Structures are given as structure tokens and as C-alpha cells.
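A.B. asks: Structure, please.
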Amino acid sequence: MLEDCKNAQERWGGVHGLIDRWLEQRRSLLISFIELKEACDSELEAISKPRIDTFSQSLMDYISAGHFEIYPQLAEEARAFNDESALHIASQLLERLEMSTQMVLEFDNDYASTESCQQYLARLPAWIDRLAKGLSERFALEDQLIARLHAAHTPLSNKTSA
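C.D. replies: Model (predicted):
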């Protein structure tokens with residue numbers, strides 16, 4: 001997943017400052033995810049609530065930025081170019097993204113309190129595996145969304161020379 005994140009930054013880095021910051025946020029999220037996964041694999045009982053909270057907050061911040069900043073900005077760009085096809089594709093992709101958003105909200109809820117964190121600590125490795133799959137799919141969908149909307153609005157001279 002981290003390699004895919006680097007590829008996305010290479011493809012769209014510099015296209016838009018907002019997307020650049022979001023892709024950097026994705027990279028930081030993945031680093032936090034990998035560290036938590038490694039801790040689950042080696043020392044599950046030693047994982048503290050603050051460590052889970054840090055990861056969960058990073059995850060929620062990333063998801064929120066997508067829903068409330070990035071996706072609306074991309075849709076606005078498509079509307080500005082009267083690109084109904086891109087808006088239709090974006091709508092379909094956003095529906096598919098909703099599944100992983102619900103998963104993230106469930107994870108955050110399961111580990112929200114100290115009591116629930118202790119109660120569900122043994123489930124954390126399974127959650128991490130589930131999140132790995134869900135986030136991988138989410139990142140691929142987000143990359144499609146960015147590629148479709150930005151590719152459609154690249155000046156014609158850039159499309160023909162690419």
C-alpha cells in the first residue's frame with residue numbers, strides 16, 4: 001500500500017496543493033497503520049489506548065478530508081468544465097467509498113473508550129487485516145477519482161504530448 005501511495009504522489013503531486021497535502025496525509029496514515037500492524041504482530045497486549053487513538057484520529061482525519069474537502073473540490077472542478085461524464089463516474093465511485101467509510105466509523109467506535117478498547121484488544125489484529133483490505137480498495141477508488149477528474153481537465157496540449 002505504501003508503494004501505491006508513492007505512485008499516486010508521483011502521478012498527481014503538484015497538480016493541486018489540496019490534493020498534495022491529502023496524499024501526504026495518506027502517506028502518514030499508512031506509516032501509522034504499518035506501525036500499529038507490526039505492534040499487533042509482536043506485542044498485542046502492550047498496545048496502549050493512546051496508540052490506537054493516534055491511529056484512529058489519523059484515519060478519521062484522512063477520511064474527513066476526503067469527504068469534506070477533496071471530493072467536493074474535484075466535483076466542483078468537473079462542474080466548472082461541464083463534465084457530466086466525470087460527475088457520473090465520481091458519483092459511482094463515491095457510493096463505493098461509502099462502504100470503507102462505514103468500516104472506519106465502526107473501528108473508531110469499537111476503540112473509542114478505554115473499556116471498549118480493553119474489551120476488543122484481542123480483535124485488533126482482525127480489524128487491522130480488515131482495514132488493510134478496505135483502505136487498499138479505498139485508495140484505489142480515490143486514485144481513480146482523482147485520475148478521471150484531473151485527466152479530463154488537463155489542457156489538450158498536455159494530453160496529446162503525454
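A.B. asks: Report the separation between residue 90 and residue 65.
C.D. replies: 16 Å (Cβ to Cβ, to the nearest Å). Every residue, glycine included, has its C-beta placed from N, CA and C.
A.B. asks: between those two, who's got more neighbours?
C.D. replies: Taking other Cβ atoms under 10 Å, residue 90 and residue 65 do not tie; residue 90 has more neighbours (20 against 16).
A.B. asks: For that one, which residues are in contact?
C.D. replies: 71, 74-75, 78, 145, 148-149 (Cβ atoms under 8 Å, 6 or more residues apart in numbering).
A.B. asks: For it, give its distance to residue 142.
C.D. replies: 11 Å.
A.B. asks: Identify the contacts common to these two.
C.D. replies: In contact with both residue 90 and residue 142: no residue, using Cβ under 8 Å, 6+ apart.
A.B. asks: Around residue 79, how many other residues sit close by?
C.D. replies: 12.
A.B. asks: Near the residue nearest to it when sequence neighbours are not counted, how many residues? Count them for me, please.
C.D. replies: Nearest residue to residue 79, sequence neighbours excluded (Cβ to Cβ, 6 or more residues apart in numbering): residue 87, at 6.8 Å. Neighbourhood size, residue 87 [other Cβ under 10 Å]: 16.
A.B. asks: Residue 87 sits in which helix or strand?
C.D. replies: Element membership for residue 87 (DSSP states H and E) is helix 84-110.
A.B. asks: List the buried residues of that helix.
C.D. replies: Buried residues in helix 84-110, counted by 16 or more other Cβ atoms under 10 Å: 86-87, 89-90, 93-94, 97, 100-101, 103-104, 107-108, 110.
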